[in-house]
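Undergrad: The sequence and its predicted three-dimensional model are supplied below.
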Amino acid sequence: MPLTYVQGSINVATGPIVIAAYAGAPFFSALIGAQVVQTGSHGFSFGGAGIVSLVVMGNPPVTNLQGVDANGAANDPAWQKLEVVGLPVEPPEWAGVFGWPNSQGMNVALVSPVDAALDRYRRGAPYFGWDDLIQPARPAPPWVDADPKAIIQTLQTDMMDDLRKMISTLPPDQHITYRVEQPLALSGNSTHTATTSFSPISTLMLGVASDTLASLIAGFGTAYPHARSPAGVADFGNVSPFDFMVTATFAKGLDAKSPEAEYAAIVCAPGPAPLPPTPANLSPPLDGLAAPATADTPWHALTRIMWDQVPQATPFRVGAYAVGRFGVTPNRPTVPLMRRRKFDPAKALQPISATTSQQVGDATGQLRASDET
């Protein structure tokens with residue numbers, strides 16, 4: 001059974017050595033964490049969503065090994081309610097839709113769903129998204145703070161009606177099957193029609209998984225000030241001295257016919273996110289040429305940018321990336337290749353989801369972007 005927390009003692013005769021925790025088979029599954037241990041007797045611990053195996057380099061003796069599974073941790077009576085999160089709905093429009101119109105925010109001062117979203121953004125939005133320079137003397141596109149009200153407006157304009165209909169008409173275990181059809185406008189005087197369909201819940205999940213700011217606004221992410229040494233709690237350096245748990249309650253179960261069910265996800269003592277490595281094996285092969293909009297003007301290149309995926313065995317995932325282009329010969333300034341955020345008065349740039357098809361990922365081990373401008 002995967003464990004949420006593991007601790008033990010180790011006696012190292014000749015250090016340093018490394019202890020690593022994995023989510024599955026050693027070396028071939030996601031790395032949950034690693035610790036360097038010096039010569040002597042030491043305690044060690046790991047926390048994660050599902051620890052399956054430990055690897056001790058050098059094979060020194062390990063004693064007092066103990067673990068807690070997710071059920072044991074989730075049912076601990078010591079948990080204290082801290083915050084209520086959810087979508088930034090307008091309560092009048094969501095009246096009667098389960099508990100969605102209810103107040104959200106920090107437990108000591110609940111506010112409206114929209115105000116709670118703005119407060120999450122205030123506490124958790126990053127101060128910058130990328131370095132000022134791509135390379136010496138080559139500026140990156142300027143980072144511009146996104147307007148949280150514009151993100152809320154985008155969600156409410158493009159997503160909320162479909163999500164409300166999905167939640168109101170289908171049980172939770174069928175939300176993934178709900179699709180919305182949209183007509184497509186065709187150019188010219190064509191008499192043909194075309195439609196496309198999408199899954200609201202899949203679209204929302206893609207957005208919050210690849211955009212930190214959308215995650216905060218939509219209630220899938222939050223943040224708290226880091227008190228390094230609260231009263232009566234040891235100082236753990238840059239690691240939080242507290243564990244956190246997120247719970248979701250379904251009043252009639254996942255099938256809307258069963259007793260109430262509560263699900264939990266545990267985050268053990270979160271620390272700083274590791275910096276992702278520089279993209280490796282970056283290459284920009286030419287994909288072809290695009291016809292100009294006006295006759296007798298130059299065609300322009302279609303360039304596919306490719307780089308290696310971060311190995312699955314790393315303890316983090318890359319959710320999004322930024323991409324830009326600059327001219328070498330002739331020398332031209334950097335141009336961002338991301339879209340501007342919808343409704344944003346400052347035209348803040350929207351990150352690109354670092355996803356690829358399973359087929360392409362398995363076959364090439366690469367992520368890809370396109371430059372068609």
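TA: That came in fine, so what should we check first? Residues are numbered from 1 along each chain as shown.
Undergrad: Ala209 contacts Val318, correct?
TA: No: here Ala209 does not reach Val318: they are 10.9 Å apart, not a contact under C-beta atoms under 8 Å. Bear in mind the C-beta positions are built from the backbone N, C-alpha and C, glycine included.
Undergrad: Can you give me every residue that contacts Phe128?
TA: Contacts here follow C-beta atoms under 8 Å, 6 or more residues apart in numbering; on that basis Phe128 touches Trp143.
Undergrad: Helix, strand or coil: sort out it for me.
TA: With DSSP: H, G, I helix; E, B strand; the rest coil as the basis, Phe128 sits in coil.
Undergrad: and it, how far is that from Pro142?
TA: 10 Å (C-beta to C-beta, to the nearest Å).
Undergrad: how about the most centrally placed residue in the chain, secondary structure?
TA: Centroid-nearest residue in the chain, with C-alpha atoms, centre = their mean: Ala209, separated by 3.4 Å. What three-state DSSP gives for Ala209 is helix.
Undergrad: Pull up the gap between the residue lying farthest from the centre of the chain and Ala346, please.
TA: Residue farthest from the centre of the chain, counting by C-alpha atoms, centre = their mean, is Asp296 at 45.6 Å. In this view, Asp296 and Ala346 are 38 Å apart by C-beta to C-beta.
Undergrad: just to revisit the earlier point, which helix or strand contains the residue farthest from the centre of the chain?
TA: Per DSSP states H and E, Asp296 falls between elements, in no helix or strand.
Undergrad: How about the one 5 residues further on?
TA: If you go by DSSP H and E, Ala301 is part of strand 300-308.
Undergrad: contacts for the helix or strand just after that strand?
TA: Later in the chain than strand 300-308, the nearest helix or strand by DSSP H and E is strand 320-321. Strand 320-321 is contacted from outside by 210-211, 279, 351-354, 367, 369, using C-beta under 8 Å, 6+ apart.
Undergrad: Partner strands of the helix or strand harbouring Leu54 and their direction?
TA: Here Leu54, judged by DSSP H and E, is contained in strand 53-56. According to DSSP bridges, strand 53-56 has the following sheet partners: strand 17-22 (antiparallel).
Undergrad: Pro101 is in contact with Ala95, correct?
TA: Yes: using C-beta under 8 Å, Ala95 is in contact with Pro101, at 5.8 Å.
Undergrad: Helices along the stretch 201-350 of the chain, start to end?
TA: Counting by DSSP state H, counting those that start in this stretch, the stretch 201-350 of the chain has helices at residues 212-218.
Undergrad: what about it, any weak spots by pLDDT?
TA: Within the stretch 201-350 of the chain, the ranges that satisfy pLDDT under 70 run 227-238.
Undergrad: can you rerun that using 90?
TA: Applying pLDDT under 90 to the stretch 201-350 of the chain flags residues 224-243, 265-279, 284, 287, 290-295, 298, 300-301, 304, 309-319, 329.
Undergrad: All the strands of it, residue numbers only.
TA: Ranges of strands in the stretch 201-350 of the chain, per DSSP state E, counting those that start in this stretch, are 244-250, 261-267, 286-290, 300-308, 320-321, 324-327, 332-336.
Undergrad: repeat for the stretch 51-200 of the chain
TA: Here the stretch 51-200 of the chain has its strands, by DSSP E, counting those that start in this stretch, at 53-56, 62-69, 83-84, 105-106, 133-135, 138-139, 180-184, 194-198.
Undergrad: ok, for the residue nearest to the centre of the chain, nearest residue in space, not its chain neighbours?
TA: Take Ala209 and drop its neighbours on the chain: the residue closest to it by C-beta to C-beta, 6 or more residues apart in numbering is Gly319, 5.7 Å away.
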